[in-house]
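1. Have a look at this prediction, sequence included:
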Amino acid sequence: MSKKFDFIAIGRAAIDLNAVEYNRPMEETHTFSKYVGGSPANIAIGAAKLGMKVGFIGKLSEDQHGHYIKSYLEDSNVDTGGVVFDKDGHKSGLAFTEIRSPEECSILMYRDEVADLFLTPEEVSEEYLKNTEALVVSGTALAQSPSREAILKAVALAKDNDIKIIFELDYRPYTWKNPEEVAVYYSLVARESSVVIGTRDEFDMMENLKDGNDHASADYLFNYEPELVIIKHGVKGSYAFEKNGKTHRGYAYKSDVLKTFGAGDSYAAAFITALSHGKPVDEALKYGSASAAIVVSKHSSSDAMPNLEEIEALIEKQSESYGK
Ligand SMILES: Nc1ncnc2c1ncn2[C@@H]1O[C@H](COP(=O)(O)OP(=O)(O)O)[C@@H](O)[C@H]1O
Ligand SMILES: O=C(O)C[C@@H](O)[C@H](O)C(=O)COP(=O)(O)O
C-alpha cells in the first residue's frame, strides 16, 4: 500500500520579501512583496504543485508571519502535521532580496535566533515520519542546536523505518559558526542519504576544500549510502552521477531571466517529482532545469512554481536547442 506522503521536507519555512523595484541596490528599493520562502518550504510547495503528496516538519513563529506561512503551506496542499509554533518568542526568518540586474542578485537574511533553528528532537514525531516514502533534509537546519539534533533524529528514524533520505545541501552562511562544522555535519548526513543534491560550491563546503572535482565528490559518496549525486553549476547546467557508473549532463533552458534566486529550489522540486514518477535520471534533469528556467523568469520562488504542463511545454518547445 502506498504511503500518505511521497516525501516530507524538514527545515525552515520563512518569509521572502522580494524587491518590487528591479535593477537597483537594496538601499534604493522601497517596496517588497511578501511570499513564503525557505528552501525546504519552497521545494515542498513546488512538488505539491506538481501533484506530489508532501508533508512538512518545522518550527514557525507564533505570530502573524508564522500563521501566514502555515496557511500558505496548507493552501498549497502541503500537509502541516509536523509544523509547530515557537512558544518562546523566536521569530520566523526574513529574507530580503535585492535585484540589481538579472545576473546580480543577493539576499539579505534576518535570521538571528530564528524560530526554525529551535525545532527540538522531541518535536520530530516517528508516527508522522512513518507516513512517508522519503525525507528531504535541508542542510541549513544542521547549522545550530537544537535543530541540528532534531535533524539527526529525523535521519536516524528514517533509517530505522526504511525511508529514503534526499539531502539538499542548501548552504547558507549566515547561521554557521565555521567551515569545519559545515563539513562535519554535511558529511555525516550525506553519507546516510540515498540522493545528495547541491551546487559545486556547496560540495566544496562539505569537503572543506576549494575547486573540487565533481567525479571525485560523487565517487567519495559512493563509498557510503548515496546512489545518486547531483552537482549543479548555475546556468552552465548540472551533472547527475549514478552509483552504477552512469553520468548524465543536464542543460539550462533559455529563459527571460528576472532574478537568479529560486533556481535551486524549483530544480529540486521538479527533479525529485520526476524521479518519483519513475522518469529516468536524464529526463528528471530536464524537468529540474525547465522548472528552474521558469522560476528565474518570475518574481518569487514559491508562488512562481510551475505546474507539470508548463514544465513539459518548455521541454517540448526547446527540445531542438537543448544542450546547444
Ligand atoms: N540563468 C538561468 N537561466 C536558466 N536556468 C538557470 C539559470 N540559473 C540556473 N538555472 C537552472 O537552475 C539549476 C540550478 O541552479 P544553480 O544556480 O546551480 O542552483 P542554486 O540556485 O541552488 O544555486 C541549474 O542547473 C540550471 O538548470
Ligand atoms: O531559502 C531561503 O531562505 C530563501 C529562499 O526562500 C529564497 O527564495 C531563495 O534564496 C531561493 O533560492 P534558491 O535556493 O537558489 O532556490
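-> Cool, got the structure. Numbers count the residues shown, from 1 in each chain. Ligands and ions are numbered 1, 2, ... in the order given.
2. what about the strands in the stretch 201-324 of the chain?
-> Along the stretch 201-324 of the chain, counting by DSSP state E, counting those that start in this stretch, strands occupy 228-232, 238-242, 247-250.
3. wait, does the first one contact ligand 1?
-> Yes: using CB under 6 Å from any ligand atom as the criterion, contacts between strand 228-232 and ligand 1 involve Lys232. Yep, even glycine has a C-beta here, placed from its N, CA and C like the rest.
4. how about that strand, does it reach ligand 2?
-> No: judged by CB under 6 Å from any ligand atom, strand 228-232 makes no contact with ligand 2; its nearest approach is 9.3 Å.
5. average pLDDT across that strand?
-> Mean pLDDT, strand 228-232: 98.
6. before we move on, the earlier item: would you mind giving the strands of the stretch 201-324 of the chain as TSV with distance to Ser217 and mean neighbour count added?
-> Formatted as TSV, the strands of the stretch 201-324 of the chain follow (distance: least, CB to CB, whole Å; neighbours: other CB atoms under 10 Å):
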stretch	distance to Ser217	mean neighbour count
strand 228-232	7	25
strand 238-242	8	21
strand 247-250	12	18
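7. mind listing what the closest residue to ligand 2 within the chain touches?
-> Closest residue of the chain to ligand 2, CB to the nearest ligand atom: Gly37 (2.7 Å). For Gly37, the contact set (CB atoms under 8 Å, 6 or more residues apart in numbering) comprises Ala13, Ala14, Ile15, Asp16, Ala95, Ser301, Ser302.
8. Just among those, which is most surrounded?
-> When those are compared by neighbour count (other CB atoms under 10 Å), Ala13 ends up highest, at 32 neighbours.
9. residue ranges for the helices of the protein, please.
-> According to DSSP state H, the chain carries its helices in the segments 39-49, 64-75, 126-129, 147-160, 179-192, 200-207, 214-221, 263-276, 281-295, 308-317.
10. Now do the second one and helix 39-49, the angle between them.
-> Read that as helix 64-75. 30 degrees (axes from the mean of the first three to the mean of the last three CA atoms, to 10 degrees).
11. cool, and the fourth one?
-> Interaxial angle, helix 147-160 versus helix 39-49 (the same axes, to 10 degrees): 40 degrees.
12. and what of the longest one?
-> Here helix 281-295 runs at 100 degrees with respect to helix 39-49, directions being taken by the same axes, to 10 degrees.
13. Could you pull out the buried residues of helix 281-295?
-> If you call a residue buried by 16 or more other CB atoms under 10 Å, then helix 281-295 has these buried ones: 281, 283-295.
14. And the residue of this structure that's closest to ligand 1?
-> Gly264 (2.1 Å).
15. Just confirm that residue contacts Ser39, I think it does.
-> Yes: using CB atoms under 8 Å, Gly264 makes contact with Ser39 at a distance of 7.1 Å.
16. any residues in contact with both of those two?
-> Residues touching both Gly264 and Ser39 (CB under 8 Å, 6+ apart) are Glu168, Asp170.
17. still on that earlier bit, any chance of the strands of the stretch 201-324 of the chain in CSV, plus distance to Val155?
-> Formatted as CSV, these follow (distance: least, CB to CB, whole Å):
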stretch, distance to Val155
strand 228-232, 17
strand 238-242, 22
strand 247-250, 27
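18. Go through those strands and name the closest to Ala154.
-> Checking those against Ala154 by CB to CB gives strand 228-232 as the closest, at 20.1 Å.
19. Please identify the pairing partners of that closest one and their relative orientation?
-> Sheet pairing of strand 228-232 (DSSP bridges) gives strand 195-199 (parallel), strand 238-242 (antiparallel).
20. How far away from the center of its chain is the first one?
-> It refers to strand 195-199. 10 Å (CA atoms, centre = their mean, to the nearest Å).
21. now it against helix 179-192, angle please.
-> Going by the same axes, to 10 degrees, strand 195-199 makes 150 degrees with helix 179-192.
22. Up against ligand 2, what does the stretch 51-200 of the chain have?
-> Residues of the stretch 51-200 of the chain found near ligand 2 (CB under 6 Å from any ligand atom) are Ala95, Ile107.
23. residues from the stretch 51-200 of the chain in reach of ligand 1?
-> So far as CB under 6 Å from any ligand atom goes, the stretch 51-200 of the chain lies against ligand 1 at Thr199.
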